[in-house]
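**Q** sequence? don't have it. structure:
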């Protein structure tokens, strides 16, 4: 038994190490690429040991991209700030609209309620190219094309269905008797919602907000069509590294590292809420 148990632990350790290497290798390789020049990256065979350089990060921060064809002006840091602004504003707006709506769908039964909820969820199923052309035409008529408000409004339509359906499940897991007891003490429905329901569903709301932020951050198509260069997020701004003199692999790798860092730090900071929120209601007695 001891030998079989030891062999099982060794096997599980090797399997876990292989899985970890499989998933971590692309991230580590991108990180190494960000400290190399194009010549070092394209060298065959590739080398793990090399002389690191900060030129790629200096080019992104300074906005001066040096290529064989000359210096190019890039606005990567502005694109990074645009991503943070657009994603944050979209998630905040989606939370303000989605959390009360999720509570209403969870607590009140009304005609066509499930149909309306599923219709909102269907926004996530529709491919972006299906709505891009009519949306672009409407935006031009309404004067919302190439505006921060227009992009935020589209982004919150990405986040709203996700927040609505995730948070709705958390509200349904909260016993309504707690709110009824609170209201019997003389408090209003609004106070029961803000002081009881929302705090109890807080981890779930945090998890839904974090996932929505990541979805908004990674969006590419809508910002590419609906925004000009000074309002585009980092996902679109990365196209600047494909130049006439070739693809700047080092700058692309550095841009990936810088663009992933904010969401990674946010996920690490909110991981307690994320784990608690995603597991809320998973086990029912």
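**A** Everything's here; your move. Just so we're clear, the structure is a prediction, and the values are computed from it rather than from any experiment.

**Q** residue nearest the middle of the chain, spatially speaking?
**A** By Cα atoms, centre = their mean, the chain has its centre lying nearest to residue 214, at 0.5 Å.

**Q** any idea how far that residue is from residue 255?
**A** 17 Å (Cβ to Cβ, to the nearest Å). C-beta: built from backbone N, CA, C; applies to glycine.

**Q** how about residue 242?
**A** For residue 242, the distance to residue 255 - Cβ to Cβ - is 12 Å.

**Q** do the same with residue 148
**A** To residue 255, residue 148 is 22 Å away according to Cβ to Cβ.

**Q** how about residue 32?
**A** In terms of Cβ to Cβ, residue 32 sits 15 Å off from residue 255.

**Q** out of those two, which sits in the more crowded spot?
**A** Neighbour totals were compared for residue 32 and residue 255, and residue 255 leads with 26 against 17 (other Cβ atoms under 10 Å).

**Q** and that one, how far is that from residue 234?
**A** 7 Å.

**Q** now do residue 97
**A** 26 Å.

**Q** who's more crowded, the two?
**A** The residue with more neighbours, out of residue 97 and residue 234, is residue 234; 25 against 15, by other Cβ under 10 Å.

**Q** now the phi/psi pair for residue 218, please.
**A** Dihedral angles of residue 218 (phi, psi; degrees, to the nearest 10) stand at phi -90, psi 0.

**Q** returning to that earlier point: need the residues touching each of residue 255 and residue 234.
**A** Common contacts of residue 255 and residue 234 (Cβ atoms under 8 Å, 6 or more residues apart in numbering): residue 76.

**Q** who touches stretch 20-34?
**A** 41, 48, 50, 56, 57, 249, 250, 253, 254, 256, 257.

**Q** and the pLDDT at residue 95?
**A** What the model reports as pLDDT for residue 95 is 93.

**Q** check residue 57 too.
**A** Listed pLDDT for residue 57 reads 88.

**Q** next: residue 24.
**A** pLDDT, residue 24: 85.

**Q** what's the spacing between it and residue 35?
**A** 17 Å.
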